[in-house]
Structures are given as structure tokens and as C-alpha cells.
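>>> Here is my input; please provide its structure:
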Amino acid sequence: MILASTAHGAVDLNNEAALQTTATTPQGRHELAVAELKRIAGPELDKMSGVSDTRWFAQDLLASKERMADLMLSGPLENPAKSLRILAAIWKMDPKGVADRREQTTAAAVALMFAKDKWPEDRALDRYKYYRDSRVAGKLHPQFDTFDTWEKRFVVSGGQNGGWSDNGAAWGDDSLVWLRDNVKLTAKEYTGACWQAPYKLNNLFGDSIHGANYYAPFKNEIHAERVRDVGGVCGSLSHYGANAARANGLPATTMGEPGHCAYTVRVARGDWEPAYSLSWQRGLHISLWGTTWTQLVLQEKIFDDKASYDRCMAHVWQARALKSKNPVLAELAYQAALETQPINYPVWCESVEFLRDVRKPDAQAWEIIGKSVGAALAAYPEAAWDVLSRIDEAAFKALPADRRMAFFLKYHEQIAKQEGPAMWEYEKALDDQAKALGGDPKQELVFFEKVLAIQSASKSWFAPTIAWGQKRFAADGGSTNAFFAALGRVFSSAASGANQDGLKSALGPAILAAEAAGNVDAFQSLGRAGRSFSKSAPLKAEPFPGDLLSSGGILKISSTCQWDHPENHWGILEEDGGSFHTDKQVRPNVVARLGKLGDLSGIVILGSDYGQNGSRQMPLKISVSEDGSTWHEVFRTTEQQGPWRIPLSGKATRVQYVKAERDDDRTEFFHLAGIRVYGRRLQ
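Numbering: from 1, shown residues only. Just a heads-up that it's a prediction; the model follows:
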């Protein structure tokens with residue numbers, strides 16, 4: 001008989017029925033939590049139990065269902081022994097405070113976060129006291145008292161960048177106090193808190209932010225205050241915004257983007273809003289599982305169903321206790337965990353690695369496992385692929401060669417009707433899948449065509465699939481014709497890869513899909529493919545000084561119609577010139593997201609018709625924006641003879657978006673041939 005030792009005796013893990021029984025009741029789950037904590041932190045618990053100073057802490061912790069749940073059911077324990085030491089120190093310092101349920105969850109959150117590698121254990125008490133005292137004084141956002149421990153983990157994690165000390169170039173607790181008392185906003189307004197500080201590469205003495213002297217003249221000021229007064233670039237501003245939210249009791253985290261630092265604030269349950277974000281490629285600096293946006297969204301769903309999560313984790317603790325003693329029962333425990341909460345992505349990762357390393361399934365079992373992963377996580381394609389990528393090598397060793405491609409195609413079938421919560425590295429997933437299939441170019445083309453056919457109805461994955469094929473095959477002279485032929489077979493009613501109309505009909509919907517999804521990479525790749533269909537010479541217009549900031553960007557057009565040719569959209573932002581054509585509508589418009597955030601020197605707008613149909617564009621209004629939400633008008637004309645040159649030096653210093661629209665209430669078409677934006681790149 002297999003027993004898991006607890007403070008209250010033993011939990012029976014001898015058969016499948018016992019697995020269900022012990023995980024079903026609150027008492028059984030509590031005993032399993034105790035057994036798991038003893039398994040992962042037994043020496044530290046024994047040490048604490050043997051010392052009078054901490055014996056009471058260990059006894060009280062193990063006896064309390066609530067306190068054990070705070071520790072064991074609030075996300076991963078990265079260093080259980082360190083968490084226990086921190087939690088014991090908090091309880092010892094503030095026995096009266098931690099008797100309050102609200103302080104218990106704060107204490108647990110601090111213990112879990114400050115147990116992270118390289119986080120200073122000696123700063124944890126001060127962080128707990130900051131939130132305790134701020135809460136008692138009524139200085140935190142009202143949401144704070146509604147949070148569970150896992151939510152508070154995203155609150156108490158402020159600081160870090162530049163160190164932990166007060167004063168100096170660091171976000172210490174003194175910065176939290178200053179931000180708490182000086183940046184009082186609604187939850188949603190914290191997404192704009194970063195702009196309280198000016199964006200400045202050089203301080204007023206000319207010192208660069210990248211040098212050691214940028215903040216040196218202001219070394220006696222609290223760091224948060226001097227960032228607001230002196231300024232900084234994206235890193236300083238994003239840490240200011242994120243820490244302002246956390247200082248006031250709201251979950252937030254900074255995140256890395258290509259060449260940029262942004263942040264996000266959780267303005268309400270399940271609603272994380274990006275702030276100062278320039279890309280979907282976000283790497284979270286604080287997260288419970290992984291660093292992607294998908295994982296952030298998924299954890300909300302997992303914790304939102306607390307009953308399922310608690311029972312799921314009880315089965316996981318059973319599986320961990322059984323791994324080496326009875327792998328068959330351990331597999332059943334993992335199965336029970338995922339039947340209880342099928343979307344629990346971390347448990348999927350853990351369970352498939354156990355199957356891969358210990359159980360070593362046969363070919364048929366691997367196919368069942370692959371289908372099960374896709375079925376459970378289809379709404380989160382990135383997470384589903386992350387799980388499958390852990391087992392594809394092992395599965396392919398067991399699968400006959402003629403069944404391997406189907407393993408991946410089943411995944412694509414399952415995600416095709418799902419939009420997913422965010423864009424992700426889908427094209428890299430296709431790279432990895434093609435590589436796993438052996439790297440044979442002919443087989444890769446077959447795989448591409450089959451995936452393309454599956455994803456043809458997908459709003460999210462159709463355009464990136466074509467973009468991947470374009471990058472992988474179209475640049476290779478030996479594969480170009482086969483690539484376009486595959487496009488034609490899948491999308492063209494003409495069924496001829498050599499037929500330009502067929503290729504256009506394939507590229508057109510893909511380009512529109514890329515625009516609708518905001519997928520810059522796919523739009524650029526597909527647009528370059530469509531460039532070969534342009535018969536006209538580039539339109540000439542005098543440029544403004546600086547870089548062509550619109551190059552490399554993406555369009556979003558308010559509507560399309562039978563006279564619109566999406567394969568020409570790409571040229572609108574380039575020196576080539578292009579075209580778009582909306583349907584008849586009131587206030588039609590086109591929004592260009594620039595390839596680079598910039599300080600504009602000017603904009604050149606080119607009309608597709610200055611004659612009879614030129615009036616369709618009048619009155620023409622041009623606006624600019626940094627975030628795509630708040631717009632500033634920079635030009636308006638009723639003169640239909642173009643091109644229109646709009647000088648903007650010193651008038652549009654931080655622009656990411658340009659909008660062209662007809663500014664009246666007529667129902668009419670709208671079309672242009674170019675939106676060329678010039679200036680200095682800021683990133």
C-alpha cells in the first residue's frame with residue numbers, strides 16, 4: 001500500500017478509487033497539500049519544527065487549510081524553503097496582523113515572490129509592511145482587498161530594475177511610497193501613467209540615459225520622483241507606470257518587446273491592458289507560468305475556476321508522490337487532474353514530460369495524447385503547441401514515417417477555427433514542425449499546402465501560413481513555382497499556379513486577413529509578393545527629409561469592395577506607390593501604422609485620381625497618433641489637386657499612426673495611391 005505522510009496521519013494512494021476520494025473533499029486536499037509541502041521542503045520544515053522560535057509557525061501552517069492553500073494553490077513555488085523562511089519571519093514579526101485574512105494573503109504573496117532566484121530575502125519584511133500599512137491607512141486601490149494570493153503576487157513584485165535599495169538608481173520601497181502618494185488614478189488610467197515622465201534620451205546637462213551620469217546630478221532624490229522630473233526612455237517610463245499601479249495595489253508588470261520596454265496593468269479581473277506597447281511580441285518580466293501574453297491570459301482562466309484548479313492540483317500532488325513508486329497510478333492521477341481542469345497548461349506540460357520520460361507511450365498512445373492536447377487547448381494555440389513541442393521528438397520516434405505529418409495536421413485542424421487570445425510565434429512553430437518532419441523540401445511543400453488548406457478559413461492563421469511559405473519557399477528559385485502553384489490550388493478557383501489572376505485571388509484575402517489581424521510581418525511578406533503584379537511605374541513626389549517611416553508598416557482600411565486590389569496595398573506605404581479602394585460609406589478612412597515610431601518631418605499623400613473622381617476624397621483630413629486611439633489633426637484640404645505635401649517638423653514628435661479620411665457625411669467611395677511618412681526614427 002502506498003501512503004503519503006501528513007501531519008494528520010497518511011493519505012491512501014493505493015488505487016484509482018482512492019485517488020478520486022482524497023482529491024474530492026477539502027480535508028483530503030488539505031492532507032495532500034501537507035504531504036506535497038513535506039515532499040518538496042521536508043528538511044526546512046523539520047528544521048523549523050525542531051526550533052522553539054519557529055515550531056509554532058510550522059504547526060499552525062500545516063494545520064490551517066486556508067494558509068496552506070495560500071502557499072500551495074497560488075501558482076508555482078520556485079524555492080519552497082526560502083518561501084517558508086520568509087513567511088515564518090513575517091508571522092513572527094506581525095502575529096496580530098497575519099491573523100487578519102487580508103494580511104495572510106499579502107504575507108503569502110510576498111513569501112512566494114521574494115523566494116524567486118536573486119530576490120533579496122532581507123527585503124521581504126519591508127515589502128509586507130508597506131502593503132499592510134498602506135492598506136490599513138486606506139491608501140490602496142479598493143480592488144486590493146478583493147485579491148487572492150496569486151493576484152497579489154503581481155502587486156507585491158514592484159521594484160527590481162536597477163536594484164532594490166532606497167534612493168540611488170533603483171525602484172526601492174521609498175519609490176513605492178512616493179508613487180502611492182503622488183500618482184492616484186483610476187485602474188484604467190494607470191496604463192497612461194508612464195507619460196507623467198518625459199521621454200528624453202539626454203538629460204538637461206546632455207548626459208545620455210545609456211551612460212552613468214544621466215541621473216547622477218539628482219542622486220539625492222527618490223528614484224520615482226526624478227524619473228518623473230528628469231525623464232528617461234521606454235524602460236524608465238514603463239517601470240514608472242507599472243510601479244505606480246503596483247504601489248497603489250493593482251497588478252502590473254513590465255515586459256520586453258523588440259528593442260523596447262512596455263508594461264501592462266490588470267484593470268479588472270481577466271482584463272490585462274497593454275501600455276506603451278508597440279508590438280505583440282511581448283516577454284513578461286513577471287509571470288507565474290512562462291513569459292508570453294497567451295500564458296498571462298490563460299492563467300486568469302485557470303484561476304477563475306478555483307474549484308477545478310484546487311482539485312486538479314490535488315491530483316497533481318498525488319501524481320508527484322507516485323511517480324517513482326507506482327508510475328501506472330501516477331499516470332492515472334495526471335489524467336484525473338486534466339479531466340478536472342483541461343485548460344491547465346502547466347499540468348499538461350508536467351504530465352506529458354512524465355509520459356515522455358517515464359511511461360514511453362507507443363505510436364497509438366502518442367496520437368491520442370496529441371489529439372487530447374489540441375482538443376483541450378485549441379482556444380490557446382500557442383499553449384497547445386508549447387505542450388506538443390515537448391513530445392513531438394519522442395512521438396516521432398514511435399510513429400511510422402507515414403503517420404508523422406498527420407500528428408501536426410491534427411493540431412492545425414483543431415486550432416483553425418480559433419482566433420486565439422493573441423498573436424504569437426506561429427511561423428516559428430511551422431519552422432519547428434517542418435524541421436521535425438525531416439527537412440526534405442518536397443515534403444515541406446506538401447506539408448505547407450496541407451496546412452494552408454486547413455487554415456484557409458482561419459481569421460488568424462491563414463495569412464501567417466502564407467507568409468511562412470513565402471519566406472521559406474518563394475525566395476528559393478527551385479521552390480518558387482511550386483509555392484505559388486500550391487497557393488493557386490488551395491485558393492484559386494482557376495486552379496492554376498501560373499495564372500496571375502489566381503495568384504491575386506490567393507494573395508488578396510490573405511493580405512486582408514493580415515490587415516485585420518494587425519500582423520505586420522505577414523502583411524509585409526504578402527505585400528512584397530503582390531508587388532510583382534504591379535504594372536505601373538512608381539509615382540513621383542518630392543520627399544521630406546529623413547527616413548521613410550511608413551516603410552515596413554501596415555494598413556487598416558475601413559472597408560473594401562470589388563474595385564479594391566489588396567495586392568496593391570503594400571505599395572501605399574512605400575516609394576513604389578499602390579492603391580486601395582473602399583466601399584461606399586460615411587467617413588471612409590485608412591489608418592497606416594508606421595514601420596517605426598518617429599519624429600515626423602512631413603507626410604506626402606498621393607491621390608489615385610485628381611480628376612473626375614478626385615472629389616471623392618474631399619474634404620481630405622489627415623491625423624496623427626502615437627497609440628492609435630487619440631488623434632491630432634495636422635492637415636485638412638478641399639483642393640483636390642495633389643500630391644499633398646504636409647510639413648510637420650517640430651509638430652508631430654512621437655507618431656506611430658497616420659490616418660487619412662474624408663471629413664464629411666456623404667456616402668461615397670474613398671481611394672488613395674500613397675501615404676509616405678518621413679522623419680527621424682525614435683526606436
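>>> Span of stretch 462-482 from start to end?
Terminal residues of stretch 462-482 lie 18 Å apart, using Cα to Cα, to the nearest Å.
>>> what do you get for stretch 382-395?
19 Å.
>>> Tell me the buried residues in it?
Applying a neighbour-count criterion of 16 or more other Cβ atoms under 10 Å, the buried positions in stretch 382-395 are Glu382, Ala383, Ala384, Trp385, Asp386, Val387, Leu388, Arg390, Ile391, Asp392, Ala394, Ala395. In short, each C-beta sits where N, CA and C put it, glycine included.
>>> next one: stretch 521-531
Using 16+ other Cβ under 10 Å as the test for burial, stretch 521-531 gives Asp521, Ala522, Phe523, Gln524, Ser525, Leu526, Gly527, Ala529, Gly530.
>>> Tell me where the longest strand sits in the chain.
Across the chain, the longest stretch assigned as strand under DSSP state E is strand 589-607.
>>> and that one, which strands flank it?
Strand 589-607 has its sheet partners listed here by DSSP bridges as strand 554-557 (antiparallel), strand 644-647 (antiparallel), strand 655-662 (antiparallel), strand 671-681 (antiparallel).
>>> Report the inter-axis angle for the next helix or strand after that strand versus strand 589-607.
Later in the chain than strand 589-607, the nearest helix or strand by DSSP states H and E is strand 620-625. Angle, strand 620-625 to strand 589-607, by axes from the mean of the first three to the mean of the last three Cα atoms, to 10 degrees: 120 degrees.
>>> List the neighbouring strands of strand 620-625 plus their orientation.
Strand 620-625 pairs in its sheet with strand 632-637 (antiparallel), strand 655-662 (antiparallel), by DSSP bridges.
>>> after the last one, next one along is what?
Scanning the chain past strand 655-662 towards its C-terminal end, the next helix or strand to appear is strand 667-668 (assignment: DSSP H and E).
>>> from the chain's centre, how far out does that next one sit?
Centre-to-centre, strand 667-668 and its host chain are 39 Å apart (Cα atoms, centre = their mean, to the nearest Å).
>>> So what's the residue count around Asn613?
Residues lying near Asn613 (other Cβ atoms under 10 Å) number 14.
>>> Report the separation between it and Phe580.
With the distance defined as Cβ to Cβ, to the nearest Å, Asn613 ends up 14 Å from Phe580.
>>> Likewise for Ile209?
Ile209 sits 40 Å away from Phe580 when distances are taken as Cβ to Cβ.
>>> The two: who's more crowded?
Legend: neighbour count by other Cβ under 10 Å for Ile209 and Phe580, higher for Phe580 (27 against 18).
>>> Now do the same contact list for Leu594.
If you count contacts by Cβ atoms under 8 Å, 6 or more residues apart in numbering, Leu594 has them with Leu549, Ser550, Gly553, Val655, Gln656, Tyr657, Val658, Val677.
>>> Need the pLDDT of it.
You'll see Leu594 listed with a pLDDT of 96.
>>> Please apply the same query to Leu503.
pLDDT, the model's per-residue confidence, is 58 for Leu503.
>>> Please tell me how far the longest strand of the chain is from the chain's geometric centre.
Relative to its chain's centre, strand 589-607 lies at 27 Å (Cα atoms, centre = their mean).
>>> domains of this structure?
Residue ranges for the domains of the chain, per automatic domain parsing: 165-285, 441-533, 537-681.
>>> Can you verify Lys417 is assigned to a strand?
No: read with DSSP: H, G, I helix; E, B strand; the rest coil, Lys417 is coil and lies in no strand.
>>> Could you give me the buried positions within the host helix or strand of Ile302?
Assigned by DSSP H and E, Ile302 belongs to helix 293-304. The neighbour-count check on helix 293-304 (16+ other Cβ under 10 Å) flags Trp293, Thr294, Gln295, Leu296, Val297, Leu298, Gln299, Glu300, Lys301, Ile302, Phe303 as buried.
>>> hmm, back to that, okay, among the buried residues of stretch 382-395, which ones form the most distant pair?
Across the buried residues of stretch 382-395, the longest distance by Cβ to Cβ is 20.9 Å; it joins Glu382 and Ala394.
>>> quick one on the thing from earlier: in TSV: the buried residues of stretch 382-395, plus secondary structure.
TSV is the format used below for the buried residues of stretch 382-395 (three-state DSSP):
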residue	secondary structure
Glu382	helix
Ala383	helix
Ala384	helix
Trp385	helix
Asp386	helix
Val387	helix
Leu388	helix
Arg390	coil
Ile391	coil
Asp392	helix
Ala394	helix
Ala395	helix
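>>> In a markdown table: those residues, plus distance to Asp126 and pLDDT.
Compiled in a markdown table, the buried residues of stretch 382-395 are given as follows (distance: Cβ to Cβ, whole Å; pLDDT from 0 to 100):
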| residue | distance to Asp126 | pLDDT |
| --- | --- | --- |
| Glu382 | 37 | 97 |
| Ala383 | 36 | 97 |
| Ala384 | 41 | 98 |
| Trp385 | 41 | 98 |
| Asp386 | 37 | 97 |
| Val387 | 39 | 98 |
| Leu388 | 44 | 98 |
| Arg390 | 39 | 97 |
| Ile391 | 44 | 97 |
| Asp392 | 47 | 96 |
| Ala394 | 47 | 96 |
| Ala395 | 49 | 97 |
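>>> quick revisit: highest average neighbour count across the strands paired with strand 620-625?
Mean neighbours per residue, mean count of other Cβ atoms under 10 Å, is largest over the strands paired with strand 620-625 for strand 655-662, with a mean of 22.
>>> mind checking how far that one is from the chain centre?
Mean C-alpha position of strand 655-662 versus that of the full chain (Cα atoms, centre = their mean) differs by 26 Å.
>>> repeat for stretch 455-462
With Cα atoms, centre = their mean, you get 20 Å for stretch 455-462.
>>> what's next to it, contact-wise?
Outside stretch 455-462, the residues that reach it (Cβ under 8 Å, 6+ apart) are 381, 412, 415-420, 423, 426, 452, 465, 490-491, 509-510, 513, 516-517.
>>> where are the low-confidence patches of the stretch 201-350 of the chain?
Counting by pLDDT under 70, the stretch 201-350 of the chain contains no low-confidence range.
>>> where do the strands sit along it?
Here the stretch 201-350 of the chain has its strands, by DSSP state E, counting those that start in this stretch, at 252-257, 260-268, 271-275, 283-284.
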